[in-house]
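Chemist: Sequence and predicted structure below; questions after.
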Amino acid sequence: MALTPPSQLREVYGITENEKDRIRNFLQGAVYCWCKNRKDEWFSLRDLMGGKNYYWEGTPLVVLYEKQERAGVPNQSAIEQAGKEAGWLLKRVISDDLRRFETQEEELVRKYRWIPNAS
């Protein structure tokens, strides 16, 4: 596991494996960009996706919101649940990464920071 300390991973249901793969690839790209440009800074899903703006249209993440919408979940709750599931997928991406990251939870938000030169 590439997380220090180790952290529980959760599964996302209700979308296809292809959709999960597309989301994970999209998030992996965002993580690589962050680590390249902001090496020593902590980040969360919110940081990678532009703050609390859950306007994900045109990204693979939109399927998480659409799933909630199809289930009849009210808008604000659908946004919150989609955000949680996106966070779970981000945690999986970071856990599977060859690099090492440290993690912490701050005000109910999971944050990560790359540990350069870690073995």
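Modeler: Structure received.
Chemist: Tell me where the model's unsure across the protein.
Modeler: Per-residue confidence of the chain (counting by pLDDT under 70) places the weak regions at 1, 51-54, 119.
Chemist: Let me know the distance separating the most centrally placed residue in it from residue 31.
Modeler: Nearest to the mean C-alpha position of the chain, counting by CA atoms, centre = their mean, stands residue 90 at 2.6 Å. Plainly put, residue 90 is 8 Å away from residue 31 if you go by CB to CB, to the nearest Å. For every residue, glycine as well, the C-beta is placed using N, CA and C.
Chemist: overlap in contacts of those two?
Modeler: Listed as contacting both residue 90 and residue 31 by CB atoms under 8 Å, 6 or more residues apart in numbering are residue 48.
Chemist: Count the residues that sit near the nearest residue to residue 69 once chain neighbours are set aside.
Modeler: Nearest non-adjacent residue to residue 69, counting by CB to CB, 6 or more residues apart in numbering: residue 78, 5.5 Å away. Counted with other CB atoms under 10 Å, the neighbours of residue 78 add up to 20.
Chemist: quick one, phi/psi of residue 78?
Modeler: The phi and psi values for residue 78, taken as degrees, to the nearest 10, are phi -60, psi -40.
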